[in-house]
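A.B. asks: Just a sequence and a predicted model for now, questions to come.
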Amino acid sequence: MLNATRVTGSGQSARNAVNWPAPPPQVAPAATLPTPPVLPRIKVLHVITRFVAGAGGNTLLSAEGMDPERYEVWIAGVPGGDLWDRARAAGLRTVEIPGFRHTLTPMDLLVLWRLARLIRRERFTVVHTHSGKGGFLGRAAARLCRTPVVVHTFHGFSFHPYMSRRRRMAYRWLERATRRFTHGFLAVAPRVAEEAVEERLAPPGHVHVVPSAVDLGHIPERFDPVARRVLGVPREKALIGTVGRLDYQKAPWDFIRMAAAIRAVRPDTAFVVIGDGPLEDEARRLAAELDVDITFTGYRPDAAWLVAGLDVFVMTSLYEGLGRALTEALATGRPVVTTAVNGVPDLVEHGATGLLVPPADPEREAQAVGWLLDHPREAAEMGRQGRRRVRTSFDPQAMCAAVDACYRDLLGLPPLPGPSAIGPSRTQGAASGP
């Protein structure tokens, strides 16, 4: 089970060596007391590249869940995406920065200047960065403005084996260069934390693992026949599906080749792809070439609910910090087949909460899906165990409490008393700058 815990470390923060006394009880009802002064709130700026899907959803839940009496939270990032309106509706301050892109461009110097101007004007106490490019631009801007506390979350990595060597080296160098500007590091999974240390993106003993939570309130706990009817597939036919942006990372062509291999031996199987993206037209052409009938729904805001209508969920990503759609599928009790990349094996234990396969191997993916269809009892038990893991370890309140504990520790504030103080373990030391 994933817990909010430190990967490595030693020693203990002197400021937490003794317990700060809890406040005494009030001696009179609050309504009868004189009006107290308004205490200043801690201003936090989240800087993220694309404010969409996995990392964006995690960032939004982190920002929404902070106590508004103690925190004033802002989010800045690449313009566009479906989460900006939701953030504004939640009362968060938002800044869509013109010229900000998810890849390196000459405009980045202007973006850096705009970020620094925002940070200097608003005088943030904490700058919390996310994603590769948002991470090094946000941390560089915070350094220029001498921001007191800088935190970075590893959702995954901006470099991966499938990009050119030159680009991979450039992104790795930029992340390493901004490591010394960072006071605290978080990671969404133990293997992601381990890789960050191995790649020298964070020093040993300074990474907290905080599982990337999902909003469980709108996700069914088991198969939903209404979702199945919306997907238009009769219950007696096996339905295999995936959710995600149709881009290079998600490898939609592998899902289609897997579907073709399954249809060759199970012609009555149905397939659905939920999501859109730049490779949608290419994916449709490949499905037509391989003569496999796949339903492409396009973008669906209710994707997390529709997953409850699947018999098997498949994720074919080439790289993935943890996989938000995967976590949501497990929350519905769906049997899953997923590539064993980055932090995914921390969530999916082969044969217990799902099946793992190598990336870029449609034949192995088809064999794994076929095994689940041939063993419905074992598949259902894997789904139940996966649901139990997600619903006990990926609660947004626990994630926000862990983030709050990180901020408080770096600011020298004592932990909150009681259950609300849930956060990264202090048994092996407190986070601090390198």
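C.D. replies: Noted; the coordinates are in hand. These numbers were taken from a predicted model, which means no experiment stands behind them.
A.B. asks: what about the helices in the stretch 51-200 of the chain?
C.D. replies: 53-64, 84-89, 108-122, 132-144, 165-177, 190-198 (DSSP state H, counting those that start in this stretch).
A.B. asks: Redo these as a markdown table? Include mean neighbour count.
C.D. replies: The C-beta positions use only the backbone N, C-alpha and C, and glycine is treated the same way. Converted to a markdown table, those look like this (neighbours: other CB atoms under 10 Å):
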| stretch | mean neighbour count |
| --- | --- |
| helix 53-64 | 23 |
| helix 84-89 | 15 |
| helix 108-122 | 17 |
| helix 132-144 | 25 |
| helix 165-177 | 15 |
| helix 190-198 | 20 |
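A.B. asks: between those helices, which one is nearest to Leu231?
C.D. replies: Checking the helices of the stretch 51-200 of the chain against Leu231 by CB to CB gives helix 53-64 as the closest, at 20.4 Å.
A.B. asks: Compute the mean per-residue pLDDT across that closest one, please.
C.D. replies: Averaging pLDDT along helix 53-64 yields 88.
A.B. asks: and it with helix 132-144, angle?
C.D. replies: 40 degrees (axes from the mean of the first three to the mean of the last three CA atoms, to 10 degrees).
A.B. asks: So which elements touch helix 53-64?
C.D. replies: Counting by 3 or more CB pairs under 8 Å, 6 or more residues apart in numbering; DSSP states H and E, the packing neighbours recorded for helix 53-64 are strand 42-48, strand 71-77, helix 84-89, strand 126-130, helix 324-331, helix 396-411.
A.B. asks: Ok, which of the ones you listed comes nearest Asp293?
C.D. replies: helix 324-331 (22.1 Å).
A.B. asks: What is the subsequent helix or strand relative to that closest one?
C.D. replies: strand 336-339 (DSSP states H and E).
A.B. asks: Partner strands of that following strand and their direction?
C.D. replies: Partners of strand 336-339 in the sheet, by DSSP bridges, are strand 312-315 (parallel), strand 355-357 (parallel).
A.B. asks: With Arg384 as the reference, name the closest of the helices and strands packed on helix 53-64.
C.D. replies: Going by CB to CB, the one of these nearest Arg384 is helix 324-331, 10.2 Å.
A.B. asks: and the closest one with helix 53-64, angle?
C.D. replies: Angle of helix 324-331 versus helix 53-64, following the same axes, to 10 degrees, is 80 degrees.
A.B. asks: still on that earlier bit, of the strands paired with strand 336-339, which stretch is the most buried?
C.D. replies: Counting by mean count of other CB atoms under 10 Å, strand 312-315 has the highest mean neighbour count of the strands paired with strand 336-339, with a mean of 26.
A.B. asks: Using PDB, list the CA coordinates for that strand.
C.D. replies: C-alpha atoms of strand 312-315 as PDB (Å, rounded to 0.1, in the frame of the first residue of the first chain):
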ATOM      1  CA  VAL A 312     -11.200  -4.600 -18.600                       C
ATOM      2  CA  PHE A 313      -9.300  -1.300 -18.500                       C
ATOM      3  CA  VAL A 314      -6.000  -1.200 -20.500                       C
ATOM      4  CA  MET A 315      -3.300   1.500 -20.300                       C
END
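A.B. asks: Which residues does that strand contact?
C.D. replies: Contact with strand 312-315 is made by 238-244, 250, 255, 258, 307, 323, 325-326, 329, 334-339, 344, 365, 369, 372-373, 379, as judged by CB atoms under 8 Å, 6 or more residues apart in numbering.
A.B. asks: burial count for Arg284?
C.D. replies: 16 (other CB atoms under 10 Å).
A.B. asks: State the distance from it to Thr295.
C.D. replies: Arg284 sits 11 Å away from Thr295, taking CB to CB, to the nearest Å as the criterion.
A.B. asks: Can you find the helix or strand in this protein with the smallest mean pLDDT?
C.D. replies: strand 5-6 (a mean of 44; mean pLDDT, DSSP states H and E).
A.B. asks: out of everything not next to it in sequence, what's closest to Asn58?
C.D. replies: Spatially, and ignoring its direct neighbours in sequence, Asn58 is nearest to Ser212 (4.5 Å; CB to CB, 6 or more residues apart in numbering).
A.B. asks: Report the secondary structure state of that neighbour.
C.D. replies: Classification of Ser212 by DSSP: H, G, I helix; E, B strand; the rest coil places it in coil.
A.B. asks: And the pLDDT at it?
C.D. replies: At Ser212, pLDDT is 85.
A.B. asks: For it, which residues are in contact?
C.D. replies: 54, 58, 155, 188-189, 321-322, 324, 327, 394, 399.
A.B. asks: Val369 too?
C.D. replies: Taking CB under 8 Å, 6+ apart, one finds 240, 258, 262, 312, 314, 337 in contact with Val369.
A.B. asks: Name the residues of the helix or strand hosting it that are buried.
C.D. replies: For Val369, the element it lies in under DSSP H and E is helix 362-374. Buried positions in helix 362-374, judged by neighbour count with 16 or more other CB atoms under 10 Å: 362, 364-370, 372-373.
A.B. asks: same check, this time on stretch 255-264
C.D. replies: Result for stretch 255-264 [16+ other CB under 10 Å]: buried residues 255-263.
A.B. asks: sorry, back to before: closest to Gly232 out of the helices of the stretch 51-200 of the chain?
C.D. replies: helix 53-64 (24.5 Å).
A.B. asks: Could you list the alpha-carbon positions for the closest one in PDB?
C.D. replies: The C-alpha trace of helix 53-64 is given here as PDB (Å, rounded to 0.1, in the frame of the first residue of the first chain):
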ATOM      1  CA  ALA A  53      -5.500  15.500 -16.900                       C
ATOM      2  CA  GLY A  54      -3.100  13.700 -14.500                       C
ATOM      3  CA  ALA A  55      -0.700  16.200 -13.100                       C
ATOM      4  CA  GLY A  56      -3.200  19.000 -13.600                       C
ATOM      5  CA  GLY A  57      -5.900  17.100 -11.700                       C
ATOM      6  CA  ASN A  58      -3.500  16.300  -8.900                       C
ATOM      7  CA  THR A  59      -2.500  20.000  -8.700                       C
ATOM      8  CA  LEU A  60      -6.100  21.200  -8.600                       C
ATOM      9  CA  LEU A  61      -7.000  18.800  -5.800                       C
ATOM     10  CA  SER A  62      -4.000  19.900  -3.900                       C
ATOM     11  CA  ALA A  63      -4.900  23.600  -4.300                       C
ATOM     12  CA  GLU A  64      -8.700  23.100  -3.600                       C
END
